[in-house]
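>>> Fold the following, please.
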Amino acid sequence: MSRIGKKPIPVAKGVKIEKHDVMLKMTGPKGVLSAKIPSAISVEINENELLIKRPSDEKKYRALHGTWRALLNNMMKGVSDGFQKKLEIVGVGYKAEMKGKKIQLALGYSHPILFEAPAEIKLEVPIPTNILISGIDKQLVGQVAAKLRSFRPPEPYKGKGVKYEGEYIRRKAGKAAATAGAKAG
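Below is the predicted model of the structure:
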């Protein structure tokens, strides 16, 4: 049996779960999320936990079992606590600022980049070199963070660009180290 799939999902306080046929809807303090569950996977709703079950031990059902348990767990965390990602901007003159609901990025290009996030996502710029992305859908929060990072990914020589908080940038020595070795030889 799937180690992930067999774990029950504890229902957070203030979260209501409704199941209509193949649709599962979770309503919590942060918002509402719904998902269409495959017919092979069955969901049992108890008073304080969700149980996910599969019909047999076939490979396709085992894969769906663990995946849907993780997806439903993320939905539970999203509607109760929400998800958050933090981006850091590194580089001289690189900055971000809010322009209404859009975010304007100055990343060393000849033009500023104007980005509008989906309605479910909240963008904040506490300081010009930090961007805070929050929302209830884990996949959407990660996708918006990846999109913002893609405008100027961190480069390996000086580390300039947009990176996730705590992301390690593997640095390269650069041209000076290569020429010093050539002169010595």
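>>> Output the below-cut-off pLDDT ranges for the chain.
Along the chain, the model assigns pLDDT under 70 to residues 1-2, 177-185.
>>> Can you pull the domain assignment for the protein?
9-80, 83-164 (automatic domain parsing).
>>> could I get those domains as JSON lines with mean neighbour count and distance to Arg171?
No exception for glycine: its C-beta is placed from N, CA and C like everyone else's. Output for the domains of the chain, formatted as JSON lines (neighbours: other CB atoms under 10 Å; distance: least, CB to CB, whole Å):
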{"stretch": "domain 9-80", "mean neighbour count": "15", "distance to Arg171": "34"}
{"stretch": "domain 83-164", "mean neighbour count": "16", "distance to Arg171": "6"}
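>>> can you redo these as JSON lines with distance to Lys175?
Putting the domains of the chain into JSON lines (distance: least, CB to CB, whole Å) gives the following:
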{"stretch": "domain 9-80", "distance to Lys175": "45"}
{"stretch": "domain 83-164", "distance to Lys175": "9"}
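>>> name the element the spatially most central residue of the chain belongs to?
Taking CA atoms, centre = their mean, the centroid of the chain lies closest to Gly142, which sits 2.3 Å from it. Secondary structure from DSSP states H and E places Gly142 in helix 138-150.
>>> list the helices and strands that helix packs on?
Other helices and strands packing on helix 138-150, by 3 or more CB pairs under 8 Å, 6 or more residues apart in numbering; DSSP states H and E, are helix 59-80, strand 83-90, strand 130-135, strand 161-164.
>>> So the residue nearest to the centre of the chain is in contact with Gln84, correct?
No. In this structure, Gly142 is not within contact of Gln84 by CB atoms under 8 Å, at 10.8 Å.
>>> ok, back up a step: dump the helices and strands packed on helix 138-150 into a markdown table; add distance to Glu47 as well.
Converted to a markdown table, the helices and strands packed on helix 138-150 look like this (distance: least, CB to CB, whole Å):
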| stretch | distance to Glu47 |
| --- | --- |
| helix 59-80 | 15 |
| strand 83-90 | 26 |
| strand 130-135 | 28 |
| strand 161-164 | 38 |
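>>> how close does Ala96 sit to His111?
Here the criterion is CB to CB, to the nearest Å. By it, Ala96 lies 15 Å from His111.
>>> ignore the last one, Gln104
Relative to His111, and taking CB to CB, Gln104 is found at 10 Å.
>>> before we move on, what about Arg152?
With CB to CB as the criterion, Arg152 and His111 are 13 Å apart.
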